[in-house]
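Peer 1: fold the following, please.
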Amino acid sequence: MTASVRWTIVAFVVLVGVVVALFSTMDGSGGEQSTQAGDGGEVLSPQAAPPVGGPPEDEPVTVVDEQTRATMDLPDCRDSGAAATTDGPVAGLMVRCMDDGSTTTLGKVQAGKPMVVNMWAYWCEPCRRELPAIQDAAAALGDEVRFVVSHTDPSETKGFDTLGALGIDQMISVSDQEEELPGILGAPPVLPLTVFVGADGTVEHVLIQPMYSEQDVLDAVSEYLGVTV
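Peer 2: Sure, this is the predicted structure:
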């Protein structure tokens, strides 16, 4: 079964999100929304991101070029001096680090800390609404929890562009271009999808509903990983 077929079920959810987004723009403001892309960074409009919609049937595999990658100062994907988490179903998954284009495993990214992995795609409107809340929660929790946003789509370039447009530049960002992680978890074909992984690599919970506020994320981390602010 192709990746596009696996994700067609999410089209309805995305369509609902698009309708909600359209109505939200009809509040008389008429202004263009913008997001600050990090401290001192350029203000970018969400309209600069690729459009939302259903998952493309034949999305080509693309990789961000080095010059474009340098336009965003994303956090380092891993600490070369930290021991990798070796146990658990996701530890051995190979991903591409969006900060420098290298490949590594989620176990190396996790490095023995509780970890939250949010799976998203550029075409998923609920994902875009959720990402800022996750970034805010990650900032509140600091080094206590490793937050990773995993772009679950073959096009790394469209994922990278979306992160920049939304100002999501404070979390470890990786590309799961083969869309393997949902299959490893036996997760349903929906996005967004968030995985809560214990420090020992145990998958504590797979959340199949969006978290639209910082408090939603903090509550989930407290419930499933036992970590509080």
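Peer 1: drop to CA atoms for contacts and neighbour counts, all remaining ones
Peer 2: Noted.
Peer 1: low-confidence ranges in this protein?
Peer 2: Residue ranges of the chain with pLDDT under 70: 1-48.
Peer 1: what residue is smack in the middle of the protein?
Peer 2: Centroid check for the chain by CA atoms, centre = their mean gives V149 as the closest residue, at 2.8 Å.
Peer 1: hey, what's that one bridged with?
Peer 2: Per DSSP bridges, the residues bridged to V149 are N118, S173.
Peer 1: residue contacts, it?
Peer 2: 117-120, 171-174 (CA atoms under 8 Å, 6 or more residues apart in numbering).
Peer 1: show the subsequent helix or strand relative to the helix or strand encompassing T104.
Peer 2: Using DSSP states H and E, the element containing T104 is strand 103-105. Using DSSP H and E, the helix or strand that directly follows strand 103-105 along the chain is helix 106-110.
Peer 1: ranking the contacts of V149 by neighbours, who comes first?
Peer 2: Neighbour counts for the contacts of V149 peak at V174, which has 29 neighbours (criterion: other CA atoms under 10 Å).
Peer 1: show me what contacts that one?
Peer 2: Counting by CA under 8 Å, 6+ apart, V174 touches 77, 95-98, 148-151.
Peer 1: longest helix anywhere in the protein?
Peer 2: Criterion DSSP state H: the longest helix present in the chain is helix 125-141.
Peer 1: can you name the residues in contact with that one?
Peer 2: Counting by CA under 8 Å, 6+ apart, 14, 17-18, 52-53, 120-122, 145-147, 166, 168, 170-171, 191-192, 210-215, 217-218, 228-229 sit against helix 125-141.
Peer 1: just to revisit the earlier point, from the contacts of V149, which is closest to G183?
Peer 2: The closest of the contacts of V149 to G183 turns out to be M119 (CA to CA; 12.1 Å).
Peer 1: so which residues of this protein form helices?
Peer 2: Using DSSP H, the helices of the chain run over 3-6, 11-24, 66-69, 106-110, 125-141, 156-166, 181-185, 214-225.
Peer 1: redo those as JSON lines? Include distance to V206.
Peer 2: Below are these laid out as JSON lines (distance: least, CA to CA, whole Å):
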{"stretch": "helix 3-6", "distance to V206": "18"}
{"stretch": "helix 11-24", "distance to V206": "18"}
{"stretch": "helix 66-69", "distance to V206": "30"}
{"stretch": "helix 106-110", "distance to V206": "16"}
{"stretch": "helix 125-141", "distance to V206": "15"}
{"stretch": "helix 156-166", "distance to V206": "22"}
{"stretch": "helix 181-185", "distance to V206": "8"}
{"stretch": "helix 214-225", "distance to V206": "9"}
